[in-house]
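Trainee: Build me a structure from this.
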Amino acid sequence: MSRRKTPEELSEQELRRLLLDKRRVSRRDRLDHFRRTGRAIALEPDIPQDATNAQAGLTDSAHSPDPAQEARQQSRRRWMDRVLLLVEVLALVGLVGVMFNGMSLLRMLNAEVVQAIAQPTLTPTPIISAVVLPSGHTPPNSPEGAQPNDAEIPAHLKPLVQSLANLPVPTPAAEQAIRIQIPAIGVDAPVVQGDGWEQLKKGVAQHIGTADPGQSGNVVLSAHNDIYGEIFRQLDKLKPGDEVIVFTNQKQYTYVVDGTQVVAPTSVEVMAPTGSPVVTLISCYPYLVDKQRIVVRANLQNP
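Mentor: Numbers count the residues shown, from 1 in each chain. The predicted model follows:
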């Protein structure tokens, strides 16, 4: 006698047949009960067991899938799953690319906007309270004699020269220059504040607003070359290495000549402030012609 199979050991077809048998037995039992109680009448003979089993087998066969067809369907589903996965990956990659491109575009647009609205960095222009270099005058041997040379001043700037002429002379202070010595050309003269026509009659004049001796900045000193003592007549004789000594009430400062140049009277940039302590000496040039200026620049020794 063969061992009875457990439900786990039955195949799908056997389980289905077992379920149909149970339903058929249950239905038959109900019909028998209804007949005994007079609530049902047999209209046709019972279907033989073998026919029922054959019909059930046919039904199972009709509903049982073809293994080859099922394998093809599974293969088709796997391919569709792969295609869908590939589409999703491509969509994700595309989205990342769009986001990255958008961020790059946004950064580029921001840079263009910043560049468009950014103001250029302005380099501060030193304020030079002069239109022409100081000490300008007509030569003493000219028909009108020595006098301020207004012809050097551009016509449109003459009102500015008049306003600058009224600048107040600074209050005397211990750090102001009071004397200058240039041993190489025998200069030993007082220094006064302001370089107007009247101040230049008294000696060497310091341009108002320029640095005091020893400070970081440009000490601008000027004097005549052919009138009022001809103090700066020999500036063109100075050579690099010559000393320029400037005195205050507290100390003396030694500057060393760096170079000499001849410029136009309007080259006021030589008076501009500097980042290091220097002295600039200015006078008319050439002697008894006075159409240009000679400029000597000296640097502070051991600042």
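Trainee: contacts and neighbour counts: CA atoms only from here.
Mentor: Noted.
Trainee: need the contact list for Pro265.
Mentor: Applying CA atoms under 8 Å, 6 or more residues apart in numbering to Pro265 gives the contacts 132-133, 136, 152, 291-293.
Trainee: please redo it, this time with the cut-off set to 7 Å
Mentor: Neighbour list for Pro265: 132-133, 152, 292-293 [criterion: CA atoms under 7 Å, 6 or more residues apart in numbering].
Trainee: Mark which of the residues you listed are part of strands, please.
Mentor: Members of the contacts of Pro265 lying in strands (criterion: DSSP state E): 292-293.
Trainee: Which residue ranges of the stretch 201-303 of the chain form helices?
Mentor: Remark: helices of the stretch 201-303 of the chain are absent; assignment by DSSP state H, counting those that start in this stretch.
Trainee: okay, and for it, where does confidence drop off?
Mentor: Along the stretch 201-303 of the chain, the model assigns pLDDT under 70 to residues 303.
Trainee: Let me see the ranges of the strands in it.
Mentor: 204-206, 217-222, 243-247, 252-263, 277-285, 292-300 (DSSP state E, counting those that start in this stretch).
Trainee: Comparing these, which comes out most buried?
Mentor: Most buried of those, by mean neighbour count (mean count of other CA atoms under 10 Å): strand 204-206, with a mean of 29.
Trainee: Each with direction, which strands does that strand pair with?
Mentor: Strand 204-206 has its sheet partners listed here by DSSP bridges as strand 187-193 (parallel), strand 217-222 (antiparallel).
Trainee: And for Pro134, the neighbour number?
Mentor: 28 (other CA atoms under 10 Å).
Trainee: picking up where we left off before, so which of the contacts of Pro265 comes closest to Leu85?
Mentor: Nearest to Leu85 among these: Val132, at 83.3 Å, using CA to CA.
Trainee: which ones are touching the closest residue to the closest one other than its chain neighbours?
Mentor: Using CA to CA, 6 or more residues apart in numbering and skipping the chain neighbours, the partner closest in space to Val132 is Thr266 (4.5 Å). For Thr266, the contact set (CA under 7 Å, 6+ apart) comprises 131-133.
Trainee: will you turn the residues you listed into a markdown table that also has pLDDT?
Mentor: Formatted as a markdown table, those follow (pLDDT from 0 to 100):
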| residue | pLDDT |
| --- | --- |
| Val131 | 84 |
| Val132 | 90 |
| Leu133 | 93 |
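Trainee: On the three-state scheme, Ala91 is what?
Mentor: Recorded secondary structure, Ala91: helix (DSSP: H, G, I helix; E, B strand; the rest coil).
Trainee: Let me know how buried it is, in neighbour terms.
Mentor: Residues lying near Ala91 (other CA under 10 Å) number 12.
Trainee: and what of Ala189?
Mentor: Using other CA under 10 Å, Ala189 is surrounded by 17 other residues.
Trainee: Likewise for the one 4 residues further on?
Mentor: When counting by other CA under 10 Å, one arrives at 22 neighbours for Gln193.
Trainee: That one and Gln206 touch, don't they?
Mentor: Yes. Using CA atoms under 7 Å, Gln193 is in contact with Gln206, at 5.1 Å.
Trainee: residue contacts, Val244?
Mentor: Contact analysis of Val244 by CA under 7 Å, 6+ apart lists 181-182, 254-256.
Trainee: okay, the residues you listed in JSON lines with distance to Pro168 next?
Mentor: Listed next are the contacts of Val244 as JSON lines, based on distance: CA to CA, whole Å:
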{"residue": "Gln181", "distance to Pro168": "26"}
{"residue": "Ile182", "distance to Pro168": "29"}
{"residue": "Thr254", "distance to Pro168": "28"}
{"residue": "Tyr255", "distance to Pro168": "28"}
{"residue": "Val256", "distance to Pro168": "31"}
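Trainee: And this structure, what are its domain boundaries?
Mentor: The chain breaks down by automatic domain parsing into domains covering 7-63, 70-116, 174-300.
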